[in-house]
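Q: Using only what follows, build the 3D model:
(2 chains)
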Amino acid sequence: MSALLEVRGLTTHFDTRGGVLKAVEDVSFEVGEGEIVGLVGESGSGKSVTGFSILGLVDAPGRIVSGSVRFAGRELVGLGHGALRSMRGREMAMVFQDPSATLNPVLTVGQQMRLAIAAHERVGEAAATARCVEALTIVGIPDAARRLENYPHQFSGGMRQRVAIAIALLNRPKLIICDEPTTALDVSIQAQILTEMKSLAARLGTAMIWISHDLATVSSVASRLLVMYAGRIIEAGPVASVLRSPRHPYTRGLLNSLPSMARPGQDLVQIPGSMPSLANLPEGCSFRPRCPKAQEDCKVMPALTGDGARAFRCRHPLDREVAA
Amino acid sequence: MNVPAARPLVEVQDVSKRFTPHVSIGERIAAMLGSPVETRTVHAVDNVSFAIRKGEVLGLVGESGCGKSTLGRVVAGIHPPSEGRASIEGVAVMGEGRTPLKTTTRIQMVFQDPFASLDPRVRIGDTIGEGPLAHGLVAKADVQAYVARWLTAVGLPAEAAGRFPHQFSGGQRQRVAIARALAMQPDVLVCDEPVASLDVSIQAQIINLFLKLRRELDLTMLFISHDLGVVRHICDRVAIMYLGRIVELGAAADIFERPRHPYTRALLDSVPKLVTASDELVTFKPIQGELPSPLSPPPGCHFHLRCPHARERCRVEVPRLEGDPQPAACHYPLAP
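A: I've put the predicted structure just below:
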């Protein structure tokens, strides 16, 4: 699999009155063509800012301090607004958490879909409509031709998210960044959308970065998993392998705190303390103050080191899984 | 977990709750002149009955719009029911009359969003102490020590009393909201999605807090949530709601292992599971279609439009919640 997206040493900071917020620090990863990569972490871990940085959507006071984002062989960091704009939506698209905030309430779905096409190419009215209908049909909206005349409020939450996904698909991008696309939806609707997104990725060969805080959701769509903590990737590898035998104590802690990991009624194993402030990170490994395995040498930031298909940022990793 | 008492502590009998939007003067005049004005009534809760024993935690599960929050608010005495009544040891939670008031402080509520449920301009010590002071649970001279006691009970330092909500993280704010409810020394806590807006690691801390409080204070709880994993973890019994009605009720283990209602089955099948084997193929069996509008629920069984087992009878006849010990509102319940 050739790398479609190559992120190297990406660092994004926000200059605020309270100091520099180190939202993303030295993040490196690749996404292959047609691959679904899961990016998990808790609030403030930098997972969404990573997505925004890739698309060049970080506004002041935020800025990409260093690093490189290569997409289909082209460097995106440092590219002008116009160039980024013509690429966004056509080669790379994003689906956000809240579809009621991303769709324009005063335009019909058809109008905003045609705008999304017109932003990138000149297409005749009939051809544009045909493409809109096709995109809506792909995401499972029945009676698509008629629904084009409806406004967003005439759709349910799940249907609105489908419309947002259809808009992302309109120009057949090579990569879609999905930021918690099913978090606001009910489980039954979430199951429908997860199933459809997976089959879409397989059918159209679209690569995806699936950002979420929910390990179970990510594990059911992605093939590879990146775990972020306080702005850095702390563990990476094939989904099942990472979840079966995490090497970083934080990943282990996150898994242990899930109710499904304990017997009903039993106390959950909780990670002590809370996430450090991004303006005031502890010296060395950011997880050190909460880590049960922390030692003196953790006061120096460990590098992301590889072990076969797996990588982790820890000097005292948990044992590798015993060969089954 | 607890020895059940003879009489249930909380009883909810035939409760219905309808919301009718305000009709403007113009519309009223138009109606008087004979023009057809649509009055769109939402049947949020439709003839629901259940009981909670002392020391028991009952989970109330359903998707958005199923009426679970409204039902919780009726039990907590925030909304008066349109019909039926909710009572605690036989005493109605709400009074009578045109503008009924809550009659008891024995039921308290914890809300989902701790950013919205705490007054940003009031120190949290005052937020926690106000209710007990007003109701004479504590003398003015002792209120500081009283607040400190409840802050400690929820795992916050006593000095936190002097701070404002914005100085706390989401998880800490939820602890404050729980302390506020507990300071009223309630017998029953109605919790509406208390961990839904929290991160996984913080969620674990709050779940552990609920388990601890339950052990120490013998609390009775109505725990409303859409998260089946959380509900399974802390509830003794579970009620599943669909479009205003309870469709299944039973012991948590039975509901999760042997659901009788097709909707419960479908809901369980929709939950993503952690994938830990590389050859594991993830397949969902999503429920077809979407929740019908509560403005115009389908006749008969509300679930028949999406149910794989629906037959003619389901389209016309409303199934009753029947069966012991795990009643299900279904004409053709699943075999165990």
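Q: Quick check: buried residues in stretch B:35-54?
A: B:V42, B:H43, B:A44, B:V45, B:D46, B:N47, B:V48, B:F50, B:A51, B:I52, B:R53, B:K54 (16 or more other Cβ atoms under 10 Å in any protein chain shown). In short, each C-beta sits where N, CA and C put it, glycine included.
Q: CA atoms only for it, dumped as PDB, please.
A: Extracted C-alpha coordinates of stretch B:35-54, given in PDB (Å, rounded to 0.1, in the frame of the first residue of the first chain):
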ATOM      1  CA  SER B  35     -60.500  27.600  10.300                       C
ATOM      2  CA  PRO B  36     -58.700  24.300  10.900                       C
ATOM      3  CA  VAL B  37     -55.800  24.900  13.300                       C
ATOM      4  CA  GLU B  38     -53.500  22.100  13.800                       C
ATOM      5  CA  THR B  39     -52.800  21.300  17.400                       C
ATOM      6  CA  ARG B  40     -49.800  19.100  17.400                       C
ATOM      7  CA  THR B  41     -49.600  17.100  20.600                       C
ATOM      8  CA  VAL B  42     -46.400  15.200  21.500                       C
ATOM      9  CA  HIS B  43     -47.100  12.000  23.400                       C
ATOM     10  CA  ALA B  44     -43.800  11.900  25.200                       C
ATOM     11  CA  VAL B  45     -44.800   9.300  27.800                       C
ATOM     12  CA  ASP B  46     -47.700   7.000  27.100                       C
ATOM     13  CA  ASN B  47     -49.300   5.100  30.000                       C
ATOM     14  CA  VAL B  48     -46.200   3.900  31.800                       C
ATOM     15  CA  SER B  49     -46.100   2.000  35.100                       C
ATOM     16  CA  PHE B  50     -43.200   0.600  37.100                       C
ATOM     17  CA  ALA B  51     -41.900   0.500  40.600                       C
ATOM     18  CA  ILE B  52     -38.400   0.800  42.300                       C
ATOM     19  CA  ARG B  53     -37.600  -1.000  45.500                       C
ATOM     20  CA  LYS B  54     -35.600   0.600  48.200                       C
END
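Q: So which residues make contact with stretch A:293-301?
A: Contacts to stretch A:293-301, defined as Cβ atoms under 8 Å, 6 or more residues apart in numbering or on different chains, come from residues A:P249, A:E283, A:G284, A:C285, A:F287, A:R288, A:C291, A:R313, A:R315, A:H316, A:L318.
Q: one more time with 6 Å, if that's ok
A: The contact list for stretch A:293-301 (Cβ atoms under 6 Å, 6 or more residues apart in numbering or on different chains) reads A:P249, A:E283, A:G284, A:C285, A:R288, A:R315, A:H316.
Q: Run through chain B and note the low-pLDDT ranges.
A: B:1-6, B:37-39, B:278-284 (pLDDT under 70).
Q: Nearest the geometric middle of it, what residue?
A: B:I224 (3.1 Å; Cα atoms, centre = their mean).
Q: Using the three-state scheme, assign that one.
A: strand (DSSP: H, G, I helix; E, B strand; the rest coil).
Q: surely it meets B:K68?
A: Yes: between B:I224 and B:K68 there is a contact at 5.1 Å, judged by Cβ atoms under 6 Å.
Q: Show me the common contact partners of those two, please.
A: In contact with both B:I224 and B:K68: B:L60, using Cβ under 6 Å, 6+ apart.
Q: How many residues are close by the nearest residue to B:P297 once chain neighbours are set aside?
A: Computed as Cβ to Cβ, 6 or more residues apart in numbering or on different chains, the closest residue to B:P297 that is not its neighbour in sequence is B:L243, at 5.4 Å. Other residues within reach of B:L243, judged by other Cβ atoms under 10 Å in any protein chain shown, total 23.
Q: try B:L305
A: Neighbours of B:L305 (other Cβ under 10 Å): 17.
Q: Could you dump the buried residues of stretch B:35-54 into CSV with secondary structure added?
A: Formatted as CSV, the buried residues of stretch B:35-54 follow (three-state DSSP):
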residue, secondary structure
B:V42, strand
B:H43, strand
B:A44, strand
B:V45, strand
B:D46, strand
B:N47, strand
B:V48, strand
B:F50, strand
B:A51, strand
B:I52, strand
B:R53, coil
B:K54, coil
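Q: Contacts for stretch A:73-80 next, please.
A: Outside stretch A:73-80, the residues touching it (Cβ under 6 Å, 6+ apart) are A:I64, A:S68, A:V69.
Q: buried subset of the residues you listed?
A: A:I64, A:V69.
Q: Going by distance to chain B, which of the contacts of stretch A:73-80 wins?
A: Nearest to chain B out of the contacts of stretch A:73-80 is A:I64 (Cβ to the nearest Cβ; 25.9 Å).
Q: Give the bridge partners for the residue nearest the centre of chain A, please.
A: Geometric centre of chain A, nearest residue: A:I211, 2.5 Å, by Cα atoms, centre = their mean. Taking DSSP bridges as the rule, A:I211 bridges to A:L39, A:D179.
Q: low-confidence ranges in the stretch 1-150 of chain A?
A: Across the stretch 1-150 of chain A, the ranges flagged by pLDDT under 70 are A:1-2.
Q: List the contacts of the residue of it found nearest chain B.
A: In the stretch 1-150 of chain A, no residue comes nearer to chain B than A:E42, which is 4.0 Å away by Cβ to the nearest Cβ. Going by Cβ under 6 Å, 6+ apart, A:E42 touches A:H213, B:D199.
Q: Now do the SS call for it.
A: Assigned with three-state DSSP, A:E42 falls in the coil class.
Q: For A:F14, see how far away it is.
A: Distance, A:E42 to A:F14, using Cβ to Cβ, to the nearest Å: 18 Å.
Q: wait, the residue nearest to B:P297 sits on B:H302?
A: Yes: the criterion here is Cβ under 6 Å, and B:L243 meets it with B:H302 at 4.2 Å.
Q: Number of residues surrounding the residue lying closest to A:R172 once chain neighbours are set aside?
A: Excluding its sequence neighbours, the residue lying closest to A:R172 (Cβ to Cβ, 6+ apart) is A:L204, at 6.9 Å. Around A:L204 there are 14 other residues, counting by other Cβ under 10 Å.
Q: Likewise for the one 3 residues further on?
A: If you count neighbours by other Cβ under 10 Å, A:A207 ends up with 22.
Q: That one pairs with what?
A: A:L175.
Q: give the contact list for it.
A: Residues near A:A207 by Cβ under 6 Å, 6+ apart: A:L4, A:V31, A:E33, A:G34, A:E35, A:L175.
Q: Helices of chain B, residue ranges please.
A: For chain B, the helices defined by DSSP state H occupy B:25-32, B:68-75, B:124-134, B:143-153, B:170-182, B:200-217, B:228-234, B:252-257, B:262-270, B:312-316.
Q: now those helices as a markdown table including distance to A:M113?
A: Putting these into a markdown table (distance: least, Cβ to Cβ, whole Å) gives the following:
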| stretch | distance to A:M113 |
| --- | --- |
| helix B:25-32 | 36 |
| helix B:68-75 | 34 |
| helix B:124-134 | 48 |
| helix B:143-153 | 53 |
| helix B:170-182 | 36 |
| helix B:200-217 | 36 |
| helix B:228-234 | 35 |
| helix B:252-257 | 42 |
| helix B:262-270 | 29 |
| helix B:312-316 | 37 |
